[in-house]
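Student: What would the 3D arrangement of this be:
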Amino acid sequence: MCGIVAYIGNKPATPLLVEGLKRLEYRGYDSAGLAVVTPNGIQVHKSLGRVSVLEDKIAQQTDIQDAAVGIAHTRWATHGEPSESNAHPHVGKTRQGHSLALVHNGIIENYASLRTYLEGKGHTFTSQTDTEVLTKLIAELYETDLESAVQQALREVTGAYAIAVICDIEPNTMVCARKGSPLIVGIAERSYIVASDASAIVSHTTQAITLDDYQVVRLCAGKRDKFTEEQGPWAIEFRTTTVDNVPVTREVTELEMNLQQIELGDYPHFMLKEIMEQPESIRNCLRGRIDHREGRVVLGGLNEITRDLVRAKRFLFTGQGTAYHAGLIGEYLMEDLAKVPARCEYASEFRYRNPIIEDGTVMVAVSQSGETADTLAALTEASERGAMTLGAVNSVGSTISRITDAGVYLHVGPEIGVASTKAFVGQVAVLTLLSLFIGKRKYLSNDAVAEYLKQFEQVPDYIQRVLEQSDHIKTCVERVVDRDNWLFLGRGYNYPVAIEGALKLKEISYIHAEGMPAAEMKHGPIALIDEGMPVVFLATQGTQYQKVMSNIQEVRSRGGRIIAVATEGDEQIKQYADAVFTIPPMPDALQPLVSVVPLQLLAYHAAVLRGHDVDKPRNLAKSVTVE
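Tutor: Sure, this is the predicted structure:
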């Protein structure tokens with residue numbers, strides 16, 4: 001959940017590292033630090049807070065400006081409170097007196113026993129982190145070769161890691177490795193940029209190698225003391241092995257990301273930019289996937305397993321947070337459109353019970369990053385028990401996309417804002433396509449599929465009509481933004497949308513909000529409703545409209561303030577609601593793609609009005625790669 005960027009090449013490393021940290025700050029932002037190799041040894045600088053604090057701190061440090069090898073990190077605390085002592089990089093001393101520095105994403109689960117062992121060897125610790133334990137373990141095992149010491153250390157640790165390590169006695173060498181936490185090696189002109197996320201390297205190269213679990217890469221440059229323009233061409237040795245020192249070959253891939261996609265442009269926040277990008281994101285998601293001539297869905301990633309999917313007896317959807325909510329909608333879609341039993345489960349709970357995986361079970365892992373630790377663990381558990389596995393992810397080349405039997409990419413573009421918006425809509429779109437893909441081959445008629453697809457292609461325009469209500473939504477939110485307790489209620493397909501809307505409000509405005517089925521409200525939570533309490537209803541016209549209207553009147557009679565997401569042209573609801581946001585009329589199965597958008601805008605405006613950092617909410621990171 002932190003960010004790593006490292007550089008070895010023919011340019012000054014420090015400005016490149018700081019630039020990379022800024023692009024990675026959405027992955028962790030309670031502290032930052034860097035370490036570079038200089039003629040005077042390894043220089044380490046850390047700061048508490050944002051990357052800008054570190055940037056100011058090192059601005060006058062002239063001795064680090066020419067360094068051509070360095071590692072950097074922006075942290076989201078797991079072990080130890082945010083502080084300079086707990087910030088990365090961490091340093092260690094070898095038995096020969098050499099210094100090494102390390103940055104780390106992940107969690108070392110057996111750090112306590114390793115720390116006891118290292119203290120017995122005379123090592124002292126200055127932080128509360130598991131990372132410092134790994135650093136000193138590598139230092140303890142160091143003999144004459146950094147790569148060998150890293151390999152030995154990683155054979156002793158339990159947990160997840162993505163690391164980059166440098167050592168003063170090998171000033172032109174960097175060693176990196178991963179297990180359970182993403183790490184890529186970007187290949188630029190006469191240089192390599194290592195990062196935990198493609199956003200840190202895309203301004204320099206789109207050619208990259210993705211490391212797999214238990215793989216180690218050694219980068220070794222031509223010998224020099226510092227960067228000079230006169231050096232001319234020089235080579236960097238690139239060697240990839242396993243932690244057991246078995247050579248492996250990795251393919252170079254093209255990153256599906258460009259610099260413009262991760263720039264803020266004219267928007268005040270990435271979250272607003274990504275909300276406003278949703279019409280185009282859905283067009284990109286649908287591009288090439290609808291065949292009007294045949295009236296069918298085209299999902300090339302499923303071609304080889306189509307027969308097995310059609311024979312599937314049960315679908316399991318799994319994810320965490322927003323992805324879990326998308327999976328809940330997938331459950332509704334699969335049973336409604338394909339008539340296949342389905343269930344959505346929290347990935348974090350799935351692996352810690354004794355789940356029943358019957359013959360013919362398909363698990364669909366939903367994740368924006370494709371690296372979510374809990375989801376990966378659930379996926380592995382299901383696969384080992386015999387389930388077919390699919391991935392619905394946004395990041396091309398991510399771990400989930402590589403370990404599943406097949407999958408479908410979202411193609412909505414990179415998402416920088418911590419609170420997911422366009423990725424959620426992309427996930428729902430992909431699960432809708434999947435359900436139609438299977439439904440067409442089982443129970444849905446050609447005419448029914450054709451009508452769904454016709455309506456589906458209107459969704460980008462429908463979302464645009466909602467986005468045009470942004471100022472109206474802001475005005476309505478201004479009247480209730482001071483209230484600290486909210487309810488979000490919906491039925492059917494809009495129940496998962498309600499809990500997603502509540503999550504968005506919690507994540508960025510820090511307002512306590514709960515989402516639930518509208519009918520559940522009177523089985524206890526109705527006791528919370530008092531005068532002026534905001535209650536958001538998903539009250540679109542559909543099969544359960546009249547039931548929702550009854551729930552609205554129950555809340556209204558107790559003094560609650562009604563905010564309704566309704567269907568365009570609905571005059572009845574205006575009699576009962578204090579504020580109304582509208583979406584165009586559409587089939588129930590497609591409504592979540594659009595009905596969530598006003599809730600995203602509601603949360604965004606509430607957070608801004610409360611003065612919060614929308615893109616970097618407290619205690620949260622974009623990709624949760626540790627349990």
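
Student: Poorly predicted segments of the stretch 101-250 of the chain, please.
Tutor: Within the stretch 101-250 of the chain, the segments meeting pLDDT under 70 span 222-235.

Student: How far off centre is the strand or helix carrying Ala378?
Tutor: Element membership of Ala378, judged by DSSP states H and E, is helix 373-384. Helix 373-384 sits 17 Å away from the centroid of its parent chain (CA atoms, centre = their mean, to the nearest Å).

Student: contacts for that helix?
Tutor: Helix 373-384 is contacted by residues 160, 180-181, 316, 318-320, 323, 345-348, 350-351, 355, 357, 361, 363, 365-367, 389, 391, 399-400, 403-404, 624-627 when judged by CB atoms under 8 Å, 6 or more residues apart in numbering. All C-beta spots, glycine's among them, are computed from the backbone N, C-alpha and C.

Student: any idea which helix or strand comes after that helix?
Tutor: Helix 373-384 is succeeded, C-terminally, by strand 388-393 (DSSP H and E).

Student: I'd like the next helix or strand past that next one.
Tutor: Sequence order places helix 399-403 as the next helix or strand after strand 388-393, per DSSP H and E.

Student: For that next one, name the packing helices and strands.
Tutor: Contacts defined by 3 or more CB pairs under 8 Å, 6 or more residues apart in numbering; DSSP states H and E place helix 399-403 against helix 373-384, strand 388-393, strand 406-409.

Student: Quick one: mean pLDDT for the shortest one?
Tutor: Mean pLDDT, taken over the full extent of strand 406-409, equals 92.

Student: Also the longest one?
Tutor: Averaging pLDDT along helix 373-384 gives 92.

Student: Which residues belonging to that helix are considered buried?
Tutor: Neighbour-count burial for helix 373-384 flags 373-379, 381-383 (criterion: 16 or more other CB atoms under 10 Å).

Student: What lies in contact with the longest strand belonging to the chain?
Tutor: In the chain, taking DSSP state E as the definition, the longest strand is strand 170-179. Around strand 170-179, the neighbours that count as contacts under CB under 8 Å, 6+ apart are 6, 8, 37, 69, 71, 106, 145-147, 150, 154, 160-167, 183, 185, 192, 194, 211-225, 243.

Student: Can you say which of the residues you listed are buried?
Tutor: Buried, going by 16+ other CB under 10 Å: 6, 8, 37, 69, 71, 106, 146-147, 150, 154, 160-167, 183, 185, 192, 194, 211, 213-221, 243, out of the contacts of strand 170-179.

Student: Do a quick rundown of the helices in the stretch 201-350 of the chain.
Tutor: 270-276, 278-286, 306-311, 322-333, 347-350 (DSSP state H, counting those that start in this stretch).

Student: winner for burial among these?
Tutor: With neighbours defined as mean count of other CB atoms under 10 Å, the helices of the stretch 201-350 of the chain peak in mean count at helix 322-333, which reaches a mean of 26.

Student: Alpha carbons of that helix, in PDB - could you do that?
Tutor: In PDB, the C-alpha atoms belonging to helix 322-333 read as follows (Å, rounded to 0.1, in the frame of the first residue of the first chain):
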ATOM      1  CA  THR A 322     -15.800  -1.000  -3.900                       C
ATOM      2  CA  ALA A 323     -14.900  -4.100  -5.900                       C
ATOM      3  CA  TYR A 324     -17.000  -6.200  -3.500                       C
ATOM      4  CA  HIS A 325     -20.000  -3.900  -4.200                       C
ATOM      5  CA  ALA A 326     -19.500  -4.400  -8.000                       C
ATOM      6  CA  GLY A 327     -19.400  -8.200  -7.300                       C
ATOM      7  CA  LEU A 328     -22.800  -7.900  -5.500                       C
ATOM      8  CA  ILE A 329     -24.200  -6.400  -8.600                       C
ATOM      9  CA  GLY A 330     -22.600  -9.200 -10.600                       C
ATOM     10  CA  GLU A 331     -24.400 -11.700  -8.300                       C
ATOM     11  CA  TYR A 332     -27.700 -10.100  -9.200                       C
ATOM     12  CA  LEU A 333     -26.800  -9.900 -12.900                       C
END
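
Student: what does it rub up against?
Tutor: 315, 317-319, 342-347, 364, 366-368, 372, 375, 392, 419-420, 423-424, 427-428, 431-432, 434-435, 492-493, 495-497, 499-500, 503, 589, 592.
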